[in-house]
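**Student:** predicted coordinates and the sequence they were generated for:
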Amino acid sequence: MMLDSARRLLMPSARSDVPAFMVMDVMAAAARIEAAGGRVIHMEVGQPAAGAPGPAVEAVRAALGSGPLGYTESLGIPSLRMRIARHYADAYGHAVETDRVIVTTGSSGAFVLAFLSMFEAGDRVAIANPGYPPYRHILTALGCEPVLIETDAASRFAITGESLRAAHRKKPLAGVLVASPANPTGTMMTPQALADLIRVADEEGIRFISDEIYHGLDYAMPAETALRLSDDAVVINSFSKYFCMTGWRIGWMVVPPQLVRAVDRLQGNLSISVPTLSQIAAQAAFDGRDELEAIKHGYEDNRKILIEGLPKAGLDKFLPVDGAFYLYADISVFSDDSFDFAKRLLQEAHVAATPGVDFDPVDGRHYLRFCYAGSAADMRAAVERIGGWLKRA
């Protein structure tokens, strides 16, 4: 009897019952193949193959020799917050007050802080479908309801003002979250489309969050920040993608003044502060622009290899490859089960890609996401392997 009682006490909570982030399962399966001696081309995980820029690494070396590393202020090292604020003037010609900048544990930490500070349990928050899985998983774990809004080619696979208003009128929304460039699609919103969506959100009283983690990695058009369009928008960004610092787990958010103290209280309780060493590296990373721009040009070359090579290999339908480092390919001519297709592609061709069902529970069975943040040689080899495998399959 006591054993049964103890087992019940150790049962996980209902709120923890969210789906796994499937890309991590693909990554683990690829690691097993490599452990057995196989050579896998990694196109599954959305992370740069390059490491942190030189100035960031040098700053860390200096910090490690200068004494112990203690806690920082919950909102972040003041000089880093100031440097992030200056980034908006440099990149977008828009002034941002340092007081509104909050350093976070990657963009993931920023999403938790944003959702907790902006929404109550039960609130409904709109996100684009397809979209980044942890958006809906984190919302669900926090007791909110993610509302998937279907997108299509006519809207460049983004939520429109019209579709947002329709969803809100059907049942009220508390918030909307958008990303441009987007994951998994790699598509971008035009500045006018973003402005129109923010206008509708303001008119309907819907709180607006802009995930700008892939800013800097734009090819089809310049990325627009929501901060230039609304004083009430919450913007989330990170050093993971453009700055090549995924493992450092360092990001930031810019919030309206009325949310600063709420986020400060939450951060202080949830994590005390963001790792000091990562903050030091992040501030120095802004001085590595030449290095980072060269890496971006490499992504552009990889993008061209896939755009030209995949149709010849047999995958001739994919979404516009506007930004980030993703290509979202339609595999419906070969399979209606992207999970099985990705599994066989990995096992038989040793190319790791992410099944679309990770990003889209509705139509993702027809899509695969390929990340092209690796080397040009790997992209060429991937095209060759995929083409040969599709001919044999």
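**Tutor:** Received it, and whenever you're ready, just let me know what you need.
**Student:** end to end on stretch 265-280, go ahead and measure it.
**Tutor:** In stretch 265-280, first residue to last residue: 23 Å (CA to CA, to the nearest Å).
**Student:** all further residue positions should be reported with the first residue as 44.
**Tutor:** Okay, using 44 as the starting number, the last item reads as stretch 308-323.
**Student:** now do the buried residues in it.
**Tutor:** Neighbour-count burial for stretch 308-323, counted by 16 or more other CB atoms under 10 Å, picks out 309-310, 316-319, 321-323. Using the backbone N, CA and C atoms, a C-beta is placed for each residue, glycine as well.
**Student:** same question, stretch 179-193
**Tutor:** Buried residues in stretch 179-193, counting neighbours by 16+ other CB under 10 Å, are found at 179, 181-185, 187-192.
**Student:** circling back to that earlier point, would you turn the buried residues of stretch 308-323 into CSV with secondary structure and distance to Phe64?
**Tutor:** Converted to CSV, the buried residues of stretch 308-323 look like this (DSSP: H, G, I helix; E, B strand; the rest coil; distance: CB to CB, whole Å):
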residue, secondary structure, distance to Phe64
Leu309, helix, 23
Gln310, helix, 23
Ser316, coil, 26
Val317, coil, 22
Pro318, coil, 22
Thr319, helix, 28
Ser321, helix, 22
Gln322, helix, 26
Ile323, helix, 29
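**Student:** closest to Tyr410 among these?
**Tutor:** Of all those, Ser321 has the smallest distance to Tyr410: 33.7 Å, by CB to CB.
**Student:** thought Leu185 was touching Ala164?
**Tutor:** Yes - because the distance of 7.2 Å satisfies CB atoms under 8 Å, Leu185 is recorded as touching Ala164.
**Student:** which pair in the buried residues of stretch 308-323 spans the largest distance?
**Tutor:** Maximum distance among the buried residues of stretch 308-323 (CB to CB): 23.3 Å, for Leu309 and Ile323.
**Student:** which stretches of the stretch 94-243 of the chain have low pLDDT?
**Tutor:** When residues are selected by pLDDT under 70, none of them lie in the stretch 94-243 of the chain.
**Student:** what do you get if the cut-off is 90, keeping everything else the same?
**Tutor:** Residue ranges of the stretch 94-243 of the chain with pLDDT under 90: 108-111, 195-199.
**Student:** about what we covered before: wait, which of the buried residues of stretch 179-193 is closest to Ser375?
**Tutor:** The closest of those, once distances to Ser375 are taken by CB to CB, is Leu191, at 20.0 Å.
**Student:** got the contact list for the longest helix anywhere in the chain?
**Tutor:** Secondary structure assigned by DSSP state H gives helix 332-356 as the longest helix of the chain. Outside helix 332-356, the residues that touch it by CB atoms under 8 Å, 6 or more residues apart in numbering are 91, 93, 96-97, 259-260, 262, 285-287, 328, 359, 361, 364, 368, 370, 372, 413, 415-419, 422-423, 426-427, 429-430, 433.
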